[in-house]
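Novice: Mind looking at a prediction? Sequence and model below.
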Amino acid sequence: MIRDFRALADRTFDLVVVGGGVFGACAAWDATLRGLSVALVERTDFCSGSSANSFKVIHGGIRYLQHADLPRLRSSCHERTAWIRIAPHLVSPLPIVIPTYGSGREGKAFLGAGMLLYDFLTADRNLGVRDDARKVPVSRFMGRKQVEALFPGIRADALTGGAVFCDGQMYNPPRLALAFVRSAVDAGAVAVNYAEATRLVRSANEVQAVEVRDATTGETVEVRARAVLNAAGPWVPWMNEADGLSGARGGTFSRDACFLIRRRFLHRYGVAVQGATRDPDALLSRSARHLFLLPWRGYTLCGVWHVVWKTPPDTVDFPVEDLQRFIVEMNGAFPGLDLTAKDVTMWNAGLVPFGENEQGAENLRYGKRSHLVDHAATDGIANLVSLIGIRYTMARHDAAQAIDLLCRKLGNVGRSKTDRTPLDGGNFERFDDLVTQIGRDTQGSLDNEIATALAHNYGSKYGRVLALARERADLSRPIAGSTTLRAEVVNAVRDEMATRLADVVFRRTDLATGGHPGDAALAEAADLVARELRWDEGRRADEVAGVERRFLFGASTAGTPTRVAVGEKIRTAQ
């Protein structure tokens, strides 16, 4: 996967996809599978915006029972199965406990009826899943003592036990999106990161080309295409307005935020606790919306909080005041946590479409579906479609719908196959066997934690990394204090289009996905990337500083920024 900006100008493509988040990546793969020639352009790095900042959950649809939205429930369940089927190395079931209290809507009977109905409606939830360890089990109940043992300090007054269901969890959202990009490129697509679509070149009723600027050199080319899909997420309205289009202009966005903490439970269960707001659209609901504490790669992921956001996507931030407010709410929902800002290793925040809410509303209406706009209807532009995705879960499905629409315009009648075609690295039977095979291939030279991380990130294509490790002995060692091999850093540059140090540490490897990797690890990675890309000392220093800025958060008592960094993991259960 080599970056070649000039390849964008070499021919007329059937389709240009603008936006390399998960929705654009899914669309590029889908269109390529259907036989279309595709160009994918992304203004920064692939999956570096809202997609990278998700809550890392593939929802199975159980929440839609309370809205009586059965089509949405079924669709979410189908997508959870599809993700596990096509990328079993990067998506797996995650059991989540909902504590039950007393009787009525907080009790076991109410939740039990819902769980039974959900299991019935999702009876086909494991269709085509080959690995038994990746199959989603039926829901079940726990007793009070078991819940208290799993989650010490949980609100205990009137606690009767808990109901357990499964959602899906992503091991690494950027690498999952990258698997779509890589699959598309291997099938013939041209994908280029740091390539910004600056304007549409159009006649009265169609787009003829997309003007794209190379962010690394400043060069500009016109990428000719028969059709264009704008899948730039929250940037779509601002881009359409600049191009004088009315379709997909404006709309309300939510800044969805979550954060990682050092503490972790000593098991694989997540827990849902009741926050401070409720869902005004729910027909049947508990007294408040749920907040979640989920295990994720040695950390605990806390969220999600929603704030109406009306300024451009590039202005998205997460003020320390918001963090403090969310910590107070989480501590109120789970009294024994006693969280402080010092526990936080990383925050994530991205924009997704929101529901319509009155000014100052406390109980907010969430967005329910992605926005798919045919600009033939809204602006008289026959070959332009915009897609603003709402949840990572629905990216494959919604991208398929967008490509369906574009295929009708192009006279292509192919059907989507992305729900059953394994992604790059996803073609294997059992994950545990894959880890064992890596151990055999390395003759036991890698400890099990490193072999498991390799299996997660590369799946059946782990051989690309091991080939580099065999080529140079120094690349077979892990980066200081991490499970990331030095070969993975080099592979990211040579074969995964990493252009910046941030691409490597945040999105191609595990180095900084949960917090600061440590000064020694960051320096080691910077040296490797600098050698591959022939950076001088000034450029290397700038790249390190750019990564460090990602970890500057709030202010210390001395008035200087505090680095949110990885610390010792605190065990919250014995």
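Specialist: That came through fine.

Novice: and stretch 420-436, how far apart are its ends?
Specialist: 25 Å (CA to CA, to the nearest Å).

Novice: Same question for it: list its buried residues.
Specialist: 421-426, 428, 431, 434-435 (16 or more other CB atoms under 10 Å). In short, each C-beta sits where N, CA and C put it, glycine included.

Novice: Residues contacting it, please?
Specialist: Taking contacts as CB atoms under 8 Å, 6 or more residues apart in numbering, the residues outside stretch 420-436 that touch it are 29, 33, 82, 85-90, 92, 128, 130-134, 179-180, 182-183, 186, 448, 451-452, 455, 458-462.

Novice: Just the ones of these in strands?
Specialist: Among the contacts of stretch 420-436, the members falling in strands (DSSP state E) are S92.

Novice: For PyMOL, write the select line for the buried members of the contacts of stretch 420-436.
Specialist: With 16+ other CB under 10 Å as the burial test, the buried ones among the contacts of stretch 420-436 are selected in PyMOL as follows:
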select buried, resi 29+33+82+85+86+87+88+89+90+92+131+134+179+180+182+183+451+452+455+458+459+460+461+462
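
Novice: Need the per-residue pLDDT for the residue of the chain most remote from its centre.
Specialist: Here the centre of the chain is the reference, and by CA atoms, centre = their mean the most remote residue is A204, at 37.4 Å. Looking at A204, its pLDDT stands at 84.

Novice: Quick check: the nearest residue to it once chain neighbours are set aside vs R226, distance?
Specialist: Nearest residue to A204, sequence neighbours excluded (CB to CB, 6 or more residues apart in numbering): G380, at 7.7 Å. From G380 across to R226, the span is 17 Å (CB to CB, to the nearest Å).

Novice: got the phi/psi numbers for the residue farthest from the centre of the chain?
Specialist: In terms of degrees, to the nearest 10, the main-chain angles of A204 are phi -60, psi -40.

Novice: From T300, how far out is it?
Specialist: 55 Å.

Novice: One more: K56?
Specialist: 12 Å.

Novice: what do those two both touch?
Specialist: L294.

Novice: show me where the stretch 1-150 of the chain has helices.
Specialist: Using DSSP state H, counting those that start in this stretch, the helices of the stretch 1-150 of the chain run over residues 22-33, 70-86, 108-121, 144-150.

Novice: Over to the stretch 401-550 of the chain?
Specialist: 431-441, 448-458, 463-471, 486-495, 501-502, 519-533, 537-549.

Novice: Let's have those helices in a markdown table, adding mean pLDDT and distance to M142.
Specialist: Output for those, formatted as a markdown table (pLDDT from 0 to 100; distance: least, CB to CB, whole Å):
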| stretch | mean pLDDT | distance to M142 |
| --- | --- | --- |
| helix 431-441 | 97 | 26 |
| helix 448-458 | 97 | 28 |
| helix 463-471 | 96 | 40 |
| helix 486-495 | 98 | 39 |
| helix 501-502 | 98 | 42 |
| helix 519-533 | 98 | 39 |
| helix 537-549 | 96 | 42 |
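
Novice: Of those helices, which is nearest F265?
Specialist: When the helices of the stretch 401-550 of the chain are ranked by proximity to F265, the top entry is helix 448-458, at 18.7 Å, counting by CB to CB.

Novice: quick one: contacts of that closest one?
Specialist: Looking at what lies outside helix 448-458 - CB under 8 Å, 6+ apart - the contacts are 89-90, 171-172, 175, 425, 431, 434-435, 438-439, 442, 446, 462, 464-465, 478, 483-485, 488, 509-510.

Novice: ok, 7 Å please
Specialist: Applying CB atoms under 7 Å, 6 or more residues apart in numbering, the contact partners of helix 448-458 are 89-90, 171-172, 175, 425, 431, 434-435, 438-439, 462, 464-465, 478, 483, 485, 510.

Novice: now stretch 327-347
Specialist: Against stretch 327-347 from outside (CB under 7 Å, 6+ apart): 152-155, 257, 259-263, 273-276, 291, 293, 299, 302, 318, 323-324, 514-515, 564-566.

Novice: so of these, which ones are in helices?
Specialist: Judged by DSSP state H, helices contain the following of the contacts of stretch 327-347: 323-324.

Novice: Can you tell me which of the contacts of stretch 327-347 are buried?
Specialist: Buried among those by 16+ other CB under 10 Å: 154-155, 257, 259-263, 273-276, 291, 293, 299, 302, 318, 323, 514-515, 564-566.

Novice: With T484 as the reference, measure out to the closest residue to G514 other than its chain neighbours.
Specialist: Spatially, and ignoring its direct neighbours in sequence, G514 is nearest to Y299 (5.0 Å; CB to CB, 6+ apart). Counting by CB to CB, the gap from Y299 to T484 is 16 Å.

Novice: Same check on G188?
Specialist: In terms of CB to CB, G188 sits 31 Å off from T484.

Novice: what's the answer for R289, then?
Specialist: Where T484 is concerned, R289 sits at a distance of 36 Å (CB to CB).

Novice: Give me the more crowded residue out of those two.
Specialist: T484 (29 against 20; other CB atoms under 10 Å).

Novice: Provide a list of residues in contact with the more buried one.
Specialist: For T484, the contacting residues are 478, 509-511, by CB under 7 Å, 6+ apart.

Novice: next one: I154
Specialist: Counting by CB under 7 Å, 6+ apart, I154 has contacts 99, 147-148, 334, 336.

Novice: Which of those are buried? Put it as a ChimeraX command.
Specialist: When burial is assessed using 16+ other CB under 10 Å, the buried subset of these is captured in ChimeraX by this command:
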select :99,147,148,334
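
Novice: Show me where the protein dips below the pLDDT cut-off.
Specialist: For the chain, applying pLDDT under 70 flags the ranges 248-250, 277-288, 355-368, 552-574.

Novice: Domains in it, by residue range?
Specialist: 5-50+174-251+369-410, 57-170+252-353, 431-509+517-550 (automatic domain parsing).

Novice: quick revisit: which of the contacts of T484 sits closest to A498?
Specialist: Of those, the one sitting nearest to A498 (CB to CB) turns out to be T509, at 9.1 Å.

Novice: What count of nearby residues applies to the closest one?
Specialist: Neighbours of T509 (other CB under 10 Å): 28.

Novice: Once you drop chain neighbours, what's closest to it?
Specialist: Nearest to T509 is T484, by CB to CB, 6+ apart, at 4.6 Å.

Novice: what's the distance between the one you found and F23?
Specialist: Distance, T484 to F23, using CB to CB: 28 Å.

Novice: who touches the spatially most central residue of the chain in this structure?
Specialist: Centroid-nearest residue in the chain, with CA atoms, centre = their mean: P173, separated by 3.6 Å. Contacts for P173 were tallied using CB under 7 Å, 6+ apart; they are 47, 51-52, 54, 56, 392.

Novice: Same list (those) but as a markdown table, adding distance to V544 and neighbour count.
Specialist: What follows is the contacts of P173, written out as a markdown table (distance: CB to CB, whole Å; neighbours: other CB atoms under 10 Å):
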| residue | distance to V544 | neighbour count |
| --- | --- | --- |
| C47 | 22 | 29 |
| S51 | 25 | 24 |
| A52 | 20 | 21 |
| S54 | 26 | 26 |
| K56 | 26 | 24 |
| Y392 | 30 | 29 |
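
Novice: Next step: those restricted to strands.
Specialist: Short answer: the contacts of P173 have none in strands (DSSP E).

Novice: Find the one among the domains of the chain with the highest mean neighbour count.
Specialist: Mean neighbour count, computed with mean count of other CB atoms under 10 Å, is highest for domain 5-50+174-251+369-410 among the domains of the chain, reaching a mean of 22.
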